[in-house]
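any chance you can model this:
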Amino acid sequence: MPERPQYRIIYNWDGAPHGYSPAPQSMAAFLEKAYAPLEDTQVDALFWSCGGQGSRWPSEVLEFIGEAEGRRYKSASAYTGTENIRQMYDRGEDPQEALIQRGHELGLHVYASIRMNDNHFGGAQVGDLGSLLRANRVEALRAEHPEWLLGDRTAEWFALSWNMAIPQIRQRRYDHVEEVCQVYDWDGVELDWQRHAFHFPEDEAYRLRYALTDLQRAIRRMTENLGKERGRPVYLAARVAGSLETCRRIGYDVPKWVDEGLVDILIPAGNAVTDASIDGRRLRGNLRGHRRRRLPGIRQQSSRSLCRSGRGGREGHSQDAGDRQSLSPGRSVRNIRLQLACQPRFEATAADDDRLDGDPGGNRQDLCGDPPVRPA
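Next comes the predicted model:
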């Protein structure tokens, strides 16, 4: 098992900086916009979203963004966000490679964040697939295999989500994650199971939970083997629901994942927005004893703000949505690194679980001190 990394805050980006400059966006402008909110803060890792349906690089698994519509777009924002990526490749540049390199120059770990079952179809139903395909809003595979979708066997809004009980779909998700990890020199990969958390027919998720565990296990073995080839760990993070009960209902067998060492960083969080019901203390207690290994920390976070007042300061300054709230760290656990994320953009973690373990006032800890020593 690799030594767990110790991050004070993880910053999760959805790739939006590609849309922050008019096309063509220079690589320098892209990197400046991607890292401007992170420099001189207590952020130690960037989780970079690799997109939803399509791929943001020439892929052998998913369609390259902009390809289906022949690089003709229905809006200026779609043109800007997509063409700023496509034109970088046209120039022989690779934004993912540059993003990782720049992050390492800044002393950050950089992860690929992969949405395992992304659904941005606005509640469309199976009967809408034809029109959605003509409008380039779904990939051809969904229209060709509607039987691989959840359809009327789940909440209406998520009818077009993939049914993870289908072996072909699990294989496709594995192939995508494997490609993401092999093509680029990420420090790790996050499996965002919460985007979106509808993977099985309603009322069958607990029975079928072994299917997601098998996929989680296969990806873990792949990252372990890749780490051996590279001579350093390739960490595996997973975003799950905010309680074990909800995890069971969705199909996440979190205790087994912890027992088998199938995850390095566990991130309990909402489906797509803040989940104020996350009970870090109870989750910590429920997972206690599931592994004998002593692993670092649990941390709860409740806002978007970052400390930019220098080492040791406490004043927060938001670089995301103007929030002026303060970080609210939680408590540590010796079983596995947990990150309790009430806000999907950030997850703050304990840098020192010895210092916090048994400290009922753990939410008073200062996150703006010197950065922890992380594995190379």
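
can you give me the strands for the stretch 1-150 of the chain?
9-13, 43-49, 109-115 (DSSP state E, counting those that start in this stretch).

where does pLDDT dip in the stretch 201-350 of the chain?
289-350 (pLDDT under 70).

try it again at 50.
Counting by pLDDT under 50, the stretch 201-350 of the chain contains low-confidence residues at 292-350.

L262 falls within a helix, correct?
No. Per DSSP: H, G, I helix; E, B strand; the rest coil, L262 lies outside any helix segment and is coil.

tell me who's in contact with it.
Applying C-beta atoms under 8 Å, 6 or more residues apart in numbering, we find L262 in contact with 213, 216-217, 220, 236, 256. Yep, even glycine has a C-beta here, placed from its N, CA and C like the rest.

before we move on, the earlier item: so which of the strands of the stretch 1-150 of the chain comes closest to W157?
Closest to W157 of these is strand 109-115 (C-beta to C-beta; 16.0 Å).

mind listing what that closest one pairs with, with the direction of each?
Strand 109-115 has the following strand partners under DSSP bridges: strand 43-49 (parallel), strand 188-192 (parallel).

now the longest one, how far from the centre of its chain.
Read that as strand 43-49. 9 Å (C-alpha atoms, centre = their mean, to the nearest Å).

hmm, back to that, max pairwise distance over the contacts of L262: which two?
L236 and K256 (14.7 Å).

tell me which of the two has more neighbours.
L236 (26 against 15; other C-beta atoms under 10 Å).

now do the helix or strand that the more buried one is a member of and strand 43-49, the angle between them.
Using DSSP states H and E, L236 sits within strand 235-240. For strand 235-240 against strand 43-49, the angle by axes from the mean of the first three to the mean of the last three C-alpha atoms, to 10 degrees is 70 degrees.

list of residues touching strand 235-240?
In contact with strand 235-240 (C-beta under 8 Å, 6+ apart) are residues 2, 4-5, 47, 109, 111, 187-195, 216, 219-220, 223, 247, 250, 252, 254, 257, 262-269, 339, 341.

burial count for the residue nearest to S55 when sequence neighbours are not counted?
Taking C-beta to C-beta, 6 or more residues apart in numbering, and ignoring the residues beside it in sequence, S55 has L62 as its nearest neighbour in space, at 4.0 Å. Neighbourhood size, L62 [other C-beta under 10 Å]: 22.

same deal with the one 10 residues further on?
Taking other C-beta under 10 Å as the criterion, the count of residues near R72 is 9.

what does the pLDDT read for it?
For R72, the pLDDT comes out at 91.

gap between it and V138?
Look at R72 and V138: by C-beta to C-beta, to the nearest Å, they are 17 Å apart.

any buried residues in the top helix by length along the chain, and which?
Counting by DSSP state H, the longest helix found in the chain is helix 209-230. Neighbour-count burial for helix 209-230 flags 209, 211-213, 215-220, 222-223, 226-227 (criterion: 16 or more other C-beta atoms under 10 Å).

same deal with stretch 172-186?
For stretch 172-186, by 16+ other C-beta under 10 Å, it's 172-174, 176-181, 183-184, 186.

then stretch 6-25?
6-15, 17-20, 23, 25.

stretch 157-166 now?
Buried-residue list, stretch 157-166, by 16+ other C-beta under 10 Å: 158-165.

ok, stretch 49-68 next?
Applying 16+ other C-beta under 10 Å to stretch 49-68 flags 49-57, 59, 62, 64-68 as buried.

mind checking the end-to-end distance for that stretch?
21 Å (C-alpha to C-alpha, to the nearest Å).

over to stretch 89-107?
From its first residue to its last, stretch 89-107 covers 26 Å (C-alpha to C-alpha).

report the central residue of this structure.
For the chain, S113 is the residue whose C-alpha lies nearest the centre (C-alpha atoms, centre = their mean; 3.8 Å).

surely that one and A45 touch.
No. Applying C-beta atoms under 8 Å, one finds S113 not in contact with A45, separated by 10.7 Å.

which SS class is R172?
Criterion first, three-state DSSP; result for R172: helix.

quick one: it from S131, how far?
The value you get for R172 to S131, if C-beta to C-beta is used, is 24 Å.

beta partners of I265?
Going by DSSP bridges, I265 forms beta bridges with A237, R337.

and for it, the neighbour number?
24.

so it is in contact with D44, correct?
No. I265 is not in contact with D44 according to C-beta under 8 Å; the separation is 11.8 Å.

could you find the closest non-adjacent residue to D187?
Of all residues beyond its chain neighbours, the one nearest D187 is H109 (3.9 Å), with distances taken as C-beta to C-beta, 6+ apart.
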